[in-house]
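[1] build me a model:
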Amino acid sequence: MKVPPCHVIEGIMASSRRRLLYVRSGALSLLFYCVYSHLQLVLSEEVENCQNLRLGQYPSIDESTQEPENCRDMTAWVECLPAPNISCRLSNGTVFRFSGDEVGFNKSIPCRNVGYSYKVAVALSLFLGWLGADRFYLGYPALGLLKFCTVGFCGIGTLIDFILIAMQIVGPADGSNYIVDYYGARLTRLSITNETFRKPHHSL
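    Residues are numbered from 1 along each chain as shown. Reported below is the predicted structural model:
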């Protein structure tokens, strides 16, 4: 059996090393490309503009009124503190991640004019409605006196008023809204405006 010369064996080993180096380089290049593409995909995701954050994401609620702080004429100018770990885009275009202590931006938001507690009104209607206490509390002294003299219209008026007050159909006489927990059950009245309109139905 003929043994190949040493320089031939060395050439074969060098060729094998080059092939292995090419394979390793290709694998590393493919891995780098996959990582780079993933980072590009993550970084290219659209970040919410800070002005578009929902109200629950920057809580600034007055405990006594359960409305946004500094509520005047149905509008409140509030300092918005985004909740911890909320990332959004500031007005200058930079993306910022909040810790919960920084003022992110100022914004005017709608609020309600409140003055009477919903819980107190319901409690008065339930327990002292037959004396007209609920109507006196809400600013209807004439109806309150009439209920007092007729013992709640013999109980029928008491029941009707309790249902109307519990459903927030009857509110304070001055036109204000009930003080209801901000995230509680509030009555929302729907109306047709330029933004909300009734779409006509086509007959089948």
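[2] any stretches of the chain with poor pLDDT?
    Along the chain, segments meeting pLDDT under 70 span 1-16, 34-47, 55-60, 189-204.
[3] just the strands in it please.
    71-72, 75-80, 87-89, 95-97, 105-110, 114-117, 177-179 (DSSP state E).
[4] what helices and strands are in contact with the fourth one?
    With contacts defined as 3 or more CB pairs under 8 Å, 6 or more residues apart in numbering; DSSP states H and E, the packing partners of strand 95-97 are strand 87-89. Quick note: C-beta positions are derived from backbone N, CA and C, even for glycine.
[5] what comes up buried for the strand it packs on?
    Within strand 87-89, the residues scored as buried using 16 or more other CB atoms under 10 Å are 88-89.
[6] then stretch 97-107?
    98, 104-105, 107.
[7] ok now that stretch, how far from the chain's centre?
    Relative to the centre of its chain, stretch 97-107 is centred 15 Å away, using CA atoms, centre = their mean, to the nearest Å.
[8] can you list contacts of it?
    Applying CB atoms under 8 Å, 6 or more residues apart in numbering, the contact partners of stretch 97-107 are 50-51, 53, 58, 77-88, 90-91, 96.
[9] cutoff 6 Å now
    Stretch 97-107 is contacted from outside by 50, 79-84, 86-87, using CB atoms under 6 Å, 6 or more residues apart in numbering.
[10] thinking again about what came up before, from the strands of the chain, which stretch is densest packed?
    strand 177-179 (a mean of 21; mean count of other CB atoms under 10 Å).
[11] just checking, what packs against that strand?
    strand 114-117 (3 or more CB pairs under 6 Å, 6 or more residues apart in numbering; DSSP states H and E).
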